[in-house]
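> following is a predicted model, sequence given first.
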Amino acid sequence: MSQILFIHPDLEFTSRIREEAGNQALTTPSMLQALQWISNPEIPISGIYLNPNVPQYSALHFLEITLLSRPATPVFLIDSENEIDSRSNHDFLTNSNIKGVFKGRESFREFLAPLGLEFNPDGPESLPPRKSLKSSHEGYIAIPLQDFEGLRFFPYDVFVENEERKLRFLGARNGKIDTEYLSMLQSRNPWLFVSEASILEIRESIRKTQNNYTENEQFPAAWKTAEVLFNAKNLLREFQKGSASDGFVEHAHLLLNDLFGLVSSLNTATKLAKMIQMAKECDRTLHCTTLAIMMAKVMRIEHGSIVEILGLASFLQDISLFQTPYGDLSDAEREKLAPEAKAYFDQHPILSADLLSKNTTLPEVILQVVRQHHERRDRSGYPNRVGGMQLHPMSEVLSIINAYLDAGDSFSDRSDEICSHYSEKASHALFNLLNLLDTP
């Protein structure tokens, strides 16, 4: 009788849902695709099921946009990390306009249960097109009565037009819905009306959550990680399109504080390892920055230095590689480059520091770490073979992390040779970090 939308990155999950649901389900890993469906007024969607633990999109931003497009359509979470408890997270879920939580192993029929809908694999063929209408009543939003199908309780105070086309009160927020009366009402009046103020109230609560999620104890760790990494990736994309500025650095600093706070709040190796995996899938710069921050914590470097120096240096280290005479070299493998491109690549630490120096007021110590982020303690690094006491301790942290990432799957076989170029302190810290992340 209705169509359900699933936003989830796991192909095994979405394939199973499509097989079970037939035409009754819309499935996508893309927030953009989901928003296109949600904003299309003719697609009837009676429920939205969202996996929030994906750094490819912001679940909180998605909730806000969905609230504006389909305020009466219930949203449920698919908690694949098993971190969200409906009772302990009740206030957070309520304030975020979330109606329930699933663990992702349920059948399609079980997903339909809270909507009170019957299974109908023919789905959209049996549904009338959804219509949109701009309300003629000032201060009210018109919602197709069809959107309330399957709801047991009104999500807002709702009103209906009487014979004189004036609004009269129909039902209170959280009041039980009389489905038979709604069916009768739909035959002569296909719209219900909701106060814009009540929509804005929930929207503001979502925005407040967006601003405070890293400090919110109720906010699940995997969701926090996805939100921080998504915001970081978006900032990095803007950075790659343009150039550095003090404004950009200020935004990066705030974001790195969130990242540091997240690392500090994840109290198990399993959560830290999941965070690293998500960062790896998100972007190499974010992967490097996250590992560097974790390693600095293992070395007990003070918070201020980690964020102010190492965090910014790791986030900004490759700025000169995004737009070069040889294209974007930020993900290039150095040894596979043509000689001219390789010569440019080998100078990128100096070029990045120079670019930052011209466009920002970053302290010299950060520029020094950027210049030295591929140098080694034994002077075998590049571009200037700086080493010994001239190598800044933060530079050595960033350099050994870069060497670890550059080695990829071959690191375990080459670890002794790679670490021989660095101090014993840095090498031990890297191995301690990797052992921590491998601990079950």
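All right, it came through fine. Residues are numbered from 1 along each chain as shown.

> can we go C-alpha only for contacts and neighbour counts from here?
Fine.

> contacts for the one helix or strand Met278 maps to, please.
Remark: Met278 resides in helix 269-282, with elements defined by DSSP states H and E. Residues from elsewhere that reach helix 269-282, judged by CA atoms under 8 Å, 6 or more residues apart in numbering: 54-56, 221-222, 225-226, 229-230, 233, 263, 266, 286-287, 290-291, 436-440.

> cutoff 7 Å now
For helix 269-282, contacts defined as CA atoms under 7 Å, 6 or more residues apart in numbering pick out 55, 225, 229, 266, 286-287, 290, 436-437, 439-440.

> tell me the mean pLDDT over it?
Averaging pLDDT along helix 269-282 gives 89.

> find the nearest non-adjacent residue to Phe92, please.
Gln218 (6.9 Å; CA to CA, 6 or more residues apart in numbering).

> what number of residues lie near the one you found?
Per other CA atoms under 10 Å, the neighbour tally for Gln218 reads 17.

> quick one: secondary structure of it?
Using DSSP: H, G, I helix; E, B strand; the rest coil, the structure places Gln218 in coil.

> from memory it sits against Asp91, does it?
No: using CA atoms under 7 Å, Gln218 makes no contact with Asp91, being 8.7 Å away.

> just the contacts of helix 269-282: which are in helices?
Taking DSSP state H, the ones among the contacts of helix 269-282 that sit in helices are 225, 229, 286-287, 290, 436-437.

> quick one, strands of the stretch 251-400 of the chain?
Shown for the stretch 251-400 of the chain, no strands are assigned by DSSP state E, counting those that start in this stretch.

> pretty sure Phe76 is in a helix, no?
No: counting by three-state DSSP, Phe76 is not part of a helix but strand.

> give me the distance between the residue nearest to Phe92 and Thr225.
14 Å (CA to CA, to the nearest Å).

> who's the closest spatial neighbour of Ile98, skipping the chain neighbours?
Val75 (5.3 Å).

> do I have it right that the one you found meets Ile45?
No: using CA under 7 Å, Val75 makes no contact with Ile45, being 10.7 Å away.

> count the residues that sit near Ala72.
Neighbours of Ala72 using other CA under 10 Å come to 25.

> distance of the residue nearest to Phe92 relative to Tyr57?
20 Å.

> residues contacting Asp246?
360-361.

> need phi/psi at it.
For Asp246, the backbone dihedrals (degrees, to the nearest 10) come out as phi -60, psi -30.

> pLDDT at it, what is it?
Value listed for Asp246 in the pLDDT field: 87.

> then Glu308?
88.

> skipping adjacent residues, who's closest to it in space?
His253 (7.3 Å).

> give me the pLDDT value at the one you found.
89.

> how many other residues sit next to it?
His253, neighbours per other CA under 10 Å, totals 18.

> can you pull out the helices in the stretch 51-200 of the chain?
Remark: helices assigned in the stretch 51-200 of the chain by DSSP state H, counting those that start in this stretch are 59-69, 90-95, 108-112, 179-186, 196-212.

> report the buried residues of the fourth one.
Applying a neighbour-count criterion of 16 or more other CA atoms under 10 Å, one finds Leu182 buried in helix 179-186.
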